[in-house]
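> predicted model and sequence follow; I will ask about them next.
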Amino acid sequence: MGNSLLISLFLFVSAITTTETQLLFDTQQSCPAPDSTLNYRPVIGIVSHPGDGATGRLSNATNVSYIAASYVKFAEMAGATVIPLLYTEPSQILNQDNNILEEFSAASQASTVQLVENVNIEGTVFGRFPPVLLKKMGTDCLVMQNHHFGISPERFQANRHLSSFFRVLTTSTDENNKVYVSTVQAKRYPITAFQWHPEKNVFEWGSSRIPHTEDAIQVTTHVANYFISEARKSSNKPVAREVLDKLIYNYNPTYGGKAGKGYDEVYLFTPHSALEFSVEKKEQCN
């Protein structure tokens with residue numbers, strides 16, 4: 001009698017467990033398919049800068065260039081991979097007009113970000129920010145500035161090339177209370193430009209002025225997610241084999257944070273080392 005009762009109880013429990021497992025399996029099978037119009041393997045190109053990012057402490061080669069590892073991590077944290085684009089490769093990237101720039105005292109400065117009055121943020125980088133966080137951005141120093149040049153709202157509006165292409169979303173104030181444009185968005189293209197550093201809050205520790213509060217981390221997270229969500233809308237998909245050969249994973253970052261200033265990590269590039277890497281890859285494929 002006792003054994004029969006135990007067997008019956010075991011079969012009853014097994015039946016319940018099997019049913020729950022089947023229900024869980026059925027639930028998983030009913031998950032909606034991802035949006036087929038989006039690219040869930042976005043690849044971001046980051047252009048390197050001349051120098052080693054550490055005023056010669058890491059490399060004094062004349063043809064060296066660098067990419068801050070924080071830029072790479074910023075893209076990766078939102079679900080993208082990165083390919084380095086060496087600044088020495090193209091003969092010309094953009095036309096320059098330094099006459100539109102003005103001097104500002106915003107080097108190594110934590111600051112607020114002020115939304116332009118009556119600006120419509122729907123569909124912009126700030127559209128996904130919680131209202132509480134948006135309000136704090138205007139009162140708390142949640143972003144890092146690190147520049148000596150910028151453009152005032154007045155000069156921006158007076159330049160027909162800029163004002164017809166971009167609209168101003170935010171402004172910020174430097175240490176001398178001079179106001180400059182800090183965020184713009186293209187009117188007809190998916191382009192957003194920042195005169196502040198959303199990546200530093202999470203990934204850079206060289207300056208005590210970089211904000212690392214929970215609110216500051218949220219700012220970085222929301223900006224990264226917006227940036228990569230826009231990239232997913234692109235239908236441009238490079239050849240998979242070429243992507244693997246050129247990904248930033250093929251390079252090793254250099255730690256420079258012990259000096260207590262500058263970038264914590266950088267990727268260093270020279271045309272010679274890039275050529276060697278390309279030849280090595282070809283030999284492996286042959």
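Received the coordinates, thanks. Residues are numbered from 1 along each chain as shown.

> got the phi/psi numbers for the nearest residue to S65 once chain neighbours are set aside?
Once flanking residues are discounted, S65 sits nearest to S48: 3.8 Å by C-beta to C-beta, 6 or more residues apart in numbering. All C-beta atoms are positioned from the backbone trio N, CA, C, and that covers glycine. As for S48, its main-chain torsions (degrees, to the nearest 10) stand at phi -80, psi 160.

> S48 contacts F269, doesn't it?
Yes. The criterion here is C-beta atoms under 8 Å, and S48 meets it with F269 at 5.5 Å.

> tell me, what's touching the two both at once?
The contact sets of S48 and F269 overlap at 65-67, 84, 86 (C-beta atoms under 8 Å, 6 or more residues apart in numbering).

> which one of those is nearest E117?
Closest approach between the shared contacts of S48 and F269 and E117, by C-beta to C-beta: I67, at 36.7 Å.

> can you pull the pLDDT of N236?
In this model, N236 is scored at 86, pLDDT.

> turn the shared contacts of S48 and F269 into a markdown table, columns for secondary structure.
As requested, these are exported to a markdown table (DSSP: H, G, I helix; E, B strand; the rest coil):
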| residue | secondary structure |
| --- | --- |
| S65 | strand |
| Y66 | strand |
| I67 | strand |
| P84 | strand |
| L86 | coil |
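
> redo the residues you listed as TSV? Include neighbour count, distance to E102 and pLDDT.
Converted to TSV, those look like this (neighbours: other C-beta atoms under 10 Å; distance: C-beta to C-beta, whole Å; pLDDT from 0 to 100):
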residue	neighbour count	distance to E102	pLDDT
S65	26	27	94
Y66	25	27	96
I67	26	27	97
P84	23	31	96
L86	16	30	90
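
> ok, so of these, who is nearest T37?
For these, the closest approach to T37 (C-beta to C-beta) belongs to P84, at 28.5 Å.

> quick check: that closest one touching Y249?
No. In this structure P84 lies outside contact range of Y249 using C-beta under 8 Å: 10.6 Å.

> quick one: low-confidence parts of the stretch 1-150 of the chain?
Along the stretch 1-150 of the chain, the parts satisfying pLDDT under 70 run over 1-29, 89-98.

> stretch 87-103: end-to-end distance?
End-to-end distance of stretch 87-103 (C-alpha to C-alpha, to the nearest Å): 25 Å.

> how near is the closest residue to E204 other than its chain neighbours to L58?
Distances taken as C-beta to C-beta, 6+ apart put S70 closest to E204, at 5.2 Å, once the chain neighbours are dropped. S70 is 15 Å from L58, where distance means C-beta to C-beta, to the nearest Å.

> span of stretch 69-83 from start to end?
12 Å.

> burial count for the residue nearest to S65?
A count of nearby residues for S48, using other C-beta atoms under 10 Å, gives 22.

> P153 versus that one, what's the distance?
Distance, S48 to P153, by C-beta to C-beta: 31 Å.

> just V181 next, same as before
For V181 relative to P153 (C-beta to C-beta), the value is 6 Å.

> what sits in contact with each of the two?
Common contacts of V181 and P153 (C-beta under 8 Å, 6+ apart): 168, 171.

> OK, contacts around the residue nearest to S65?
65-67, 84-87, 267, 269 are the contacts of S48 under C-beta under 8 Å, 6+ apart.

> same check on T124?
T124 touches 169, 185, 192, counting by C-beta under 8 Å, 6+ apart.

> so the last one sits against Q185, correct?
Translated: T192. Yes. Counting by C-beta under 8 Å, Q185 is a contact partner of T192 at 4.9 Å.

> what do these two both touch?
124-125.

> so I210 lies in a strand, does it not?
No. Secondary structure of I210 (three-state DSSP): coil, not part of a strand.

> my guess is it meets V202, correct?
No. In terms of C-beta under 8 Å, I210 does not count as a neighbour of V202; the distance is 9.5 Å.

> please enumerate the helices of the stretch 1-150 of the chain.
Along the stretch 1-150 of the chain, counting by DSSP state H, counting those that start in this stretch, helices occupy 2-29, 69-76, 131-137.

> for this structure, longest strand please?
The longest strand of the chain (DSSP state E) is strand 102-111.
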